[in-house]
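> Kindly return the folded structure for what I paste below:
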Amino acid sequence: MFVPEMPVVVNENTHQGLKLVNGASYVAVDVILDKAYPGHRINADTILHFGPPAGILLSSESTKDLHFIGMLSGTILLMPMSIKIDCQKKRSWQETDVTRRGLPCVAVFACTDYKVQSRTLGRVTLELRGTRTIKINGEAVPSSCDPYSLYVQLSRCRSLDDMMLLSKAREADVVGNKVPEAMEVAEERLEMLSNATIREVESWGWVDEI
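Residues are numbered from 1 along each chain as shown. Next up, the predicted model:
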């Protein structure tokens, strides 16, 4: 589906020097159709293509000064990529290697916590659930929300009034949901090493130069 001015998030590193990388947010302003996949009109507003387009034009604040020949000013081209999915034993349904070809981006209306780290959003809808399924009293239920994910999700807005939950909040996802002790020890170790490095650099007298 393509909607003019649709916000998207790139999910593969394509042009790192131009910030067209995993997690970067853009607005899709136009689509370049692939003649190998002619369109089939469904209704007055919808044309269906059984294959990826030749590319889409993206724009953002970081592209406003770009001027490529033959393209709209302030845009950058994102082209399809082929990704190989190797057959693995844990996927009982997969019997052979497959290759998927498509645009390395997704609509930004729904993003993982990883994609919105460091961003401040106006309004959000959250699903405070884990990524696995566990059995409780014989019933399959989502696992507890990861503490790091919980922090990221609950800290994207400046106000609780701008948050909406898809599912009712569970006590298991919030109460006592702490970072594992092993990770706390690792973080303390990193902090200690960081401080030791800073002290060492200061002893060299290079701080002012740096």
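> Please count neighbours and contacts with C-alpha atoms only from this point.
Will do.
> Just give the number of residues close to the spatially closest residue to Val31 that is not a sequence neighbour.
In space, and not counting its chain neighbours, Val31 is closest to Ile56: 4.3 Å by Cα to Cα, 6 or more residues apart in numbering. Neighbour count for Ile56, taken as other Cα atoms under 10 Å: 20.
> Might one say that Ile56 is in contact with Ile32?
Yes: the criterion here is Cα atoms under 8 Å, and Ile56 meets it with Ile32 at 5.7 Å.
> Pull the distance from the longest helix belonging to the chain to the chain's centre.
Criterion DSSP state H: the longest helix present in the chain is helix 181-204. Centroid separation for helix 181-204 versus its chain: 30 Å, with Cα atoms, centre = their mean, to the nearest Å.
> likewise stretch 194-205?
That offset, for stretch 194-205, works out to 36 Å (Cα atoms, centre = their mean).
> Look up the closest residue to the most centrally placed residue in the chain, ignoring the ones flanking it.
For the chain, Lys115 is the residue whose C-alpha lies nearest the centre (Cα atoms, centre = their mean; 3.1 Å). Once flanking residues are discounted, Lys115 sits nearest to Gly23: 5.2 Å by Cα to Cα, 6+ apart.
> in which helix or strand would I find the one you found?
Counting by DSSP states H and E, no helix or strand carries Gly23.
> ok, how many other residues are close to it?
Neighbour count of Gly23, defined by other Cα under 10 Å: 20.
> what does Ser59 give?
Using other Cα under 10 Å, the number of residues around Ser59 comes to 22.
> Quick check: it touching Ser25?
No: counting by Cα under 8 Å, Ser59 stays clear of Ser25, with 9.0 Å between them.
> one step back: what about the residue nearest to Val31, distance to Cys157?
To Cys157, Ile56 is 30 Å away according to Cα to Cα, to the nearest Å.
> ditto for Ile32
Counting by Cα to Cα, the gap from Ile32 to Cys157 is 35 Å.
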